[in-house]
Every structure is written in structure tokens, then in C-alpha cells.
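>>> Take a look and give me a structure for this.
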Amino acid sequence: MMTMSPMMADLARNVGLSGLKRAAGVVTRLLPIGQPTMMVGPGASMRLGQAVNDFGHRKILIVTDAVIVSLGLMEPMTTALTAGGTQFVVYDEITPDAPLPLIEKGIALYQSEGCDAVIAFGGGSAMDAAKTIALAVTNHKAPRQLVGYFKGFRAPAPLYAVPTTAGTGSEVTVAAVVSDPVNNRKLVIADTRLIPKLAALDPSLMVGLPKPITAATGMDALTHAVEAFIGQWCTDFTDRMALSAVGMIYENLPLAYANGSDLAAREKMALASCYAGQAFTRANVGYVHAIAHQFGGLYHTPHGLANAIMLPHVLKFLQPAVAPRLALLAVRAGVGNAGEPEADLARKFIESVEAMNARLGIPVHLDALREADIPALAHAACREADLNYPVARYMSQAICEGVIRQALPPAVPAAKAQAATKPTTTAKPKTDTKAVAKRPARSRVKKAAESAVAKPVSAEPAAPEAVEAAAPPLAATETPAATPAKRPSRTRKPAEAA
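Below you'll find the model as predicted:
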């Protein structure tokens, strides 16, 4: 019996998958994907509250997290709702990765309070939780039953969105990424009707974000734009959105990172995130996301950070197949000039991504990554990409392992490791109480956001089936959000002060 060599098998796989993905791309171009009515600028969240009043809802479930509530970020919107006579109940128990048990609690609250609409207020996890709740309550299904594509017969409850980070683009995407904490799995729910009716991009909500969150979410938006632009499902519309997003991110992310109070830069980043979301919700993403999802499932790495670390490595692998597209990105990003050789421009763009990461304090390596985990991570990432993403060039298992291996932290010398484990009797230095007293206190926003960085855990990487449609052809969204302490939900009536 004759068998194909590994090289020939990979070639056959690449040709077959490329053909199937091109055919699927024809279908995705025909899907009706709406867009929300957008309110942009300082005070947009308050204006959204005023606009929602006009729909005459009985009671609205506001899905958020405890940090958002404690910082008072919702007050302008809730004050507007109260002034307009709209009742609402706040569900503020959402944590990073939108765990299913917390979503189920939100569904129960929606039903017990007699709600008829949902407002998502927060980062990507709050957005994804709100979308799932809105779809589950109208279809009378548990969230697990909605995993996959178009599993809900009925449209979701009226949904409105106020993002508080500039990265996920969830306010314009058709999917929700939730997590199964028991099985360490990430699951995707996809439906073109999951796009909110109204969305507010309010830069005043983002001025308190600490630098690491600004950097990671900004690079998340850049990854969305880049992967949408170099994939096989791009269209004239998605190209316009992606190129605009890349140009705006290169110009404004360093400004927002350097000065978090720069409202103009914050607003531009919010728009760039939205444009990138519009691009990838139809053109989809690629290997960066496929690998980042595995890091998130195994190590709980914040999604934007995982994307940022892997983006240059994946682009280097893809460069032979997408050099002309990378050249266009280089020109739009302002790191090269039209007329230069495409190969040079492609190289300049990849180098500019590495330079952007360094400028934003993004690490080169993922400290949690372990060599022993790489084969399973690569297997799951390849399967996710093979089943879902219209990439321009396919990775074999071995190649994917090599790409992931680029993010391994440097090995610690044995002598140094032994020294680090030896007990020491060195006396602790005395604390200068005066110096401590003079140290400036960090803002509540920074404390809250810093608490969101999850520590690595020991777990098996997501199994290939764990991301059941791991990033549907209609795209998936997720983002780090502040980890809140549990707080009781509250119902407010129009007569109460917001």
C-alpha cells in the first residue's frame, strides 16, 4: 500500500482546505450582517441612555462587572435612564472569559425581574455575557445549547452596548465567546442577530485604563484588522475598515498609551477597534487567534496580550503568501513608502509590529508557556484554524509547534534556579516609613485592572472540540476585563436617584 510523504500530505491538505474556504467565503459575503446605530464622543453613554428611553422598555438588565460599578462609570447612563422613567436592574458579577455559571445567574435574574432588554456595559467579557443572555432568554435554551452557529430560532432580546475598552470590537460583531470553567474550554455562540441595536463609543470611560490594558486591547484591535486584511475572505468593505483601523492604531495607540487622558486619541482608538471589528466579523481572523485561544484556555492569558505576542511570529510564517498585502499595511501604517519593493515593505511592517510591542511594554515571551504543552497547543490551534479560518497559508503540526516555540521564555540556568530555591538568612532591609508615606496612591482604575491579570493554572489545553466552532466564519470576540468581587444585584426604579 502506497502512502504519501508528509510533504505531499501537507500540500494536499493545503490545496483542499484553501478550496473549501474560498467556497465558504462566497457564502459569508451573502450573509446579512447589520450594524448598530453608533453614538461617538464624550458623553455618548449618557446619550445612549436617553435614546433607550424612547423604546419604552419595561425593565432593562444591565450586564457589567463590580469594578465598573465601583468606579461609577455607569452613572451618566443610569441617570439618563432614571430621568426617562426606565427601570433597570444591575447584574455586576461577570468575570473575565464570561464563565457559563455566571451567565446562567444573569439569565435567572433577567427572568425573575421581568426584564425585556439588555445593556452590555464593560469589556469583552461583559459584552459576550450580555449577548448570550439576550439570545438564551428568548429561545428558552441554556447557553450550552446555543454553542455553534445559529442555534437560536428566535432573535435575541433587544441589546445595547457600551464598551469600556478599545480592542474587542464586540459592539459590532456577531459572536460571543464564553468559557466552561469545569472543562477549561472556550465556546463560541454565533448568530448575525447578536449585533446590538445601539452602541456608544465614549472615550471618557477609557481615560482611567492603565497602560498594560491600553496596550493589550489596542494590539487586540490591530490583530483583528491585520488578520481580516490578509485572509481569503476579505472584501472591498472589510479592506477599507481594516486599513483605516491600522492607520488609526499606529497613530493613536502610542498617544493613548503615553497619556491616558488624551480624549482625542482614546476616541480614535475606540473607532479603530470598531472598524477592525467590522472587518473581522465578516472576513474572520487566523492563526494568531487560533494560538491565542489555546493560551487563554490553558494559561488564562489575557486575549489581547496573547495576540500581541504571537502576531509577529505568525506574520513571519505567512509572509511568503501575503507579502503584497503586508506591503499595503506598511504604507498605511506609515512605516514605508509606495513604490518600495513589496518584500521590503512586508518586512518593514512585521518589524514595526515588533517595535510597537516593545514601545508598549508587551513582552516578547509568554512566561506561562511550557515546552511540554506545545504539541497539544499546536494540535488544537491547527484544528481550530483548519475548521474555521480562511488563512492564506496552512501550518503543519510541526510548523505550528515551531511558531509557538518562539514565545517560550528563556531557560533559567540551573545554578541560578538552585540559588533561587535556597533559603536565605539575609536580614530584611528596614522600611523607610517616610518614603512610603510619600508614595502616590494608584488610581482605583489601575488597581482594579491590575487585579484582572489571571495567574497561570495547571490544566490541559483546550481539546480540538473545546472551541466548538472556535472562531466561527463570522468571527469571535473576547478580551480581558477587570476581575470583580461578587456584589449583590440591585433593582432601581425611576424614582430612585441613580
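>>> sec struct for the residue nearest to I195 when sequence neighbours are not counted, please.
Distances taken as CB to CB, 6 or more residues apart in numbering put G34 closest to I195, at 5.4 Å, once the chain neighbours are dropped. From N, CA and C alone the C-beta is placed, and that goes for glycine too. Recorded secondary structure, G34: coil (DSSP: H, G, I helix; E, B strand; the rest coil).
>>> With A407 instead?
Assigned by three-state DSSP, the conformation of A407 is coil.
>>> Tell me which residues touch L159, please.
Listed by CB atoms under 8 Å, 6 or more residues apart in numbering, the contact partners of L159 are A117, V118, I119, A120, A130, K131, A134, L194, I195, P196, K197.
>>> Check the spacing between the residue nearest to I195 and R193 real quick.
From G34 across to R193, the span is 8 Å (CB to CB, to the nearest Å).
>>> Repeat that for F349.
Distance from F349 to R193, counting by CB to CB: 36 Å.
>>> The two: who's more crowded?
Ranked by neighbour count (other CB atoms under 10 Å), F349 and R193 place F349 first, with 26 against 18.
>>> Only alpha carbons, please: show the helix or strand where the more buried one lies as PDB.
Assigned by DSSP states H and E, F349 falls within helix 342-359. The C-alpha coordinates for helix 342-359 follow below in PDB (Å, rounded to 0.1, in the frame of the first residue of the first chain):
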ATOM      1  CA  GLU A 342       6.900  44.600  -1.700                       C
ATOM      2  CA  ALA A 343       9.300  42.200   0.100                       C
ATOM      3  CA  ASP A 344      11.000  45.200   1.800                       C
ATOM      4  CA  LEU A 345       7.600  46.700   2.800                       C
ATOM      5  CA  ALA A 346       6.400  43.400   4.200                       C
ATOM      6  CA  ARG A 347       9.500  43.100   6.300                       C
ATOM      7  CA  LYS A 348       9.100  46.700   7.500                       C
ATOM      8  CA  PHE A 349       5.600  46.100   8.600                       C
ATOM      9  CA  ILE A 350       6.500  43.000  10.600                       C
ATOM     10  CA  GLU A 351       9.400  44.800  12.200                       C
ATOM     11  CA  SER A 352       7.100  47.700  13.000                       C
ATOM     12  CA  VAL A 353       4.700  45.300  14.900                       C
ATOM     13  CA  GLU A 354       7.700  44.100  17.000                       C
ATOM     14  CA  ALA A 355       8.700  47.800  17.600                       C
ATOM     15  CA  MET A 356       5.100  48.700  18.600                       C
ATOM     16  CA  ASN A 357       5.100  45.800  21.100                       C
ATOM     17  CA  ALA A 358       8.400  46.900  22.600                       C
ATOM     18  CA  ARG A 359       7.100  50.500  22.800                       C
END
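>>> buried residues in that helix?
L345, A346, R347, K348, F349, I350, S352, V353, E354, M356, N357 (16 or more other CB atoms under 10 Å).
>>> ok now the helix or strand following it, how far from the chain's centre?
Scanning forward in sequence from helix 342-359 by DSSP H and E, the next helix or strand is helix 374-388. With CA atoms, centre = their mean, to the nearest Å as the basis, helix 374-388 stands 19 Å off its chain's centre.
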